[in-house]
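J.: Turn this into a structure:
(one chain, ligands or ions: 1)
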Amino acid sequence: MLPADQTLPSAPLQRLDLPWLIEAGVEVAILRLDLIDPLISGNKWFKLIYHLKAAQTAGAAGLITLGGAHSNHLHALAAAGKRFGFQTVGLLRGHPQQTPTIEDLQAFGMQLHWLGYAGYRARHEADFWLPWRELYPHLHGVPEGGGGLEGALGCAEIVRQGRSQLDAVGWTDYDGWWLASGTGTTLAGLALFEEGVRTIHGAMAVPQGHGVPENVAAIIHKHCRSALARESGVSGDDKAADQNPSRASALLRRCHVLDASRGGFAKTDPHLLAFIDNCELQTGIPLEPLYTGKALLALHDEVRAGRLPGGTRLIFVHTGGLQGKRAI
Ligand SMILES: Cc1ncc(COP(=O)(O)O)c(C=O)c1O
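T.: Down below sits the predicted model:
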């Protein structure tokens, strides 16, 4: 499914010199995951790599997953399927519509099924996957957004890439990470590999109540359970979890989420759009209004409110998503 020598592409780390950061003495470097690949862009490669490896190990002929009509996840997976020659199936929220993303999915050869809204809401029900497994027994299922522990594990590489380039921005250390969160998978991945040492700030692109903290906690607990089971030979996930609550709590204490959704997922407003235009003009770095633009505006507001002390050094992850901008 993937060539044996396939490695994750490297993203450059660059200084982000914006006037409001300089004024506050807060230093930010941006890890440009948007530059790693023209199609499998942003955090998607990192979130997909372990799902692809699991599919390969299972001898699957391809992958089946879910998303919306503008989904960056579906776009990256369909592009990967076309590039590496495996089958992809997308289960879509809502009713058939044509968007630039859908046109690309079709061009990449992804097979699409529209589930309606109620059908899509049923995706968390226990028997949701049954008919799809029957229809596509040879395909490996990937959760929405490439999430789950497999999705988070690939994000270790994001931490490694950021750390290995500190000298490029004149740093020897940093205090934490700032990134947009949708499911919280990427945030959880960074937290796993920071091991409780640095803070990870997740600027939520979805409002409170959409399960981001719960999802982050579920991934971290699952990882700590399997780590303990491996280390101690304790068998049985729950037994191990009961014995390892402090490790998970230590990691979770360093995960900070804040609502950056500005009233709802994909909702935009003139202030946000003007802020993005301004930042793009000042830095030359493209942003989009669903994830990266909202995450940067949330950082701006925290800095302006004095909640990040001068001298703080953060790595802002540019998680990509620029393909979705075509429909806005
Ligand atoms: C561009 C972009 N940034 C950030 C995210 C959020 O990532 P996560 O779901 O891992 O929190 C997503 C997808 O969900 C995305 O498409």
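J.: residue ranges of the helices in this protein, please?
T.: Here the chain has its helices, by DSSP state H, at 19-24, 44-57, 72-84, 100-107, 116-121, 130-135, 148-153, 156-163, 185-194, 212-232, 237-242, 245-253, 270-283, 292-304.
J.: so what secondary structure elements neighbour the longest one?
T.: Here helix 212-232 is seen to pack against helix 148-153, helix 185-194, strand 199-204, helix 237-242, helix 245-253, strand 255-259 when contacts are counted using 3 or more CB pairs under 8 Å, 6 or more residues apart in numbering; DSSP states H and E. (Each C-beta comes from the backbone N, C-alpha and C, glycine too.)
J.: Excluding chain neighbours, what is closest to Asn72?
T.: Spatially, and ignoring its direct neighbours in sequence, Asn72 is nearest to Gly321 (4.9 Å; CB to CB, 6 or more residues apart in numbering).
J.: Around that neighbour, how many other residues sit close by?
T.: 30 (other CB atoms under 10 Å).
J.: could you list every residue that touches the residue nearest to Cys155 when sequence neighbours are not counted?
T.: Counting by CB to CB, 6+ apart, Cys155 lies nearest to Gly189, which is 2.6 Å off, once chain neighbours are set aside. Gly189 makes contacts with Phe46, Lys47, Gly151, Ala152, Leu153, Gly154, Cys155, Ala156, Ile158, Ile219, as judged by CB atoms under 8 Å, 6 or more residues apart in numbering.
J.: follow-up on the earlier one: minimum distance to the ligand: which of the helices and strands packed on helix 212-232 has it?
T.: helix 185-194 (3.5 Å; CB to the nearest ligand atom).
J.: Just the angle for the closest one relative to strand 199-204, thanks.
T.: Helix 185-194 runs at 180 degrees relative to strand 199-204, counting by axes from the mean of the first three to the mean of the last three CA atoms, to 10 degrees.
J.: on that earlier part again, tell me the spacing between the residue nearest to Cys155 and Glu134.
T.: Gly189 sits 32 Å away from Glu134 when distances are taken as CB to CB, to the nearest Å.
J.: what's the answer for Gln282, then?
T.: In terms of CB to CB, Gln282 sits 53 Å off from Glu134.
J.: quick revisit: is it possible to export the contacts of Gly189 to a markdown table including pLDDT, distance to Thr292 and neighbour count?
T.: Shown next, in a markdown table, are the contacts of Gly189 (pLDDT from 0 to 100; distance: CB to CB, whole Å; neighbours: other CB atoms under 10 Å):
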| residue | pLDDT | distance to Thr292 | neighbour count |
| --- | --- | --- | --- |
| Phe46 | 97 | 15 | 29 |
| Lys47 | 97 | 16 | 29 |
| Gly151 | 97 | 19 | 27 |
| Ala152 | 98 | 20 | 30 |
| Leu153 | 96 | 23 | 22 |
| Gly154 | 96 | 19 | 24 |
| Cys155 | 96 | 16 | 25 |
| Ala156 | 90 | 21 | 18 |
| Ile158 | 97 | 14 | 26 |
| Ile219 | 97 | 22 | 27 |
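J.: Now render those as a markdown table, adding distance to the ligand.
T.: As requested, the contacts of Gly189 are exported to a markdown table (distance: CB to the nearest ligand atom, whole Å):
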| residue | distance to the ligand |
| --- | --- |
| Phe46 | 9 |
| Lys47 | 6 |
| Gly151 | 7 |
| Ala152 | 8 |
| Leu153 | 12 |
| Gly154 | 10 |
| Cys155 | 8 |
| Ala156 | 14 |
| Ile158 | 11 |
| Ile219 | 10 |
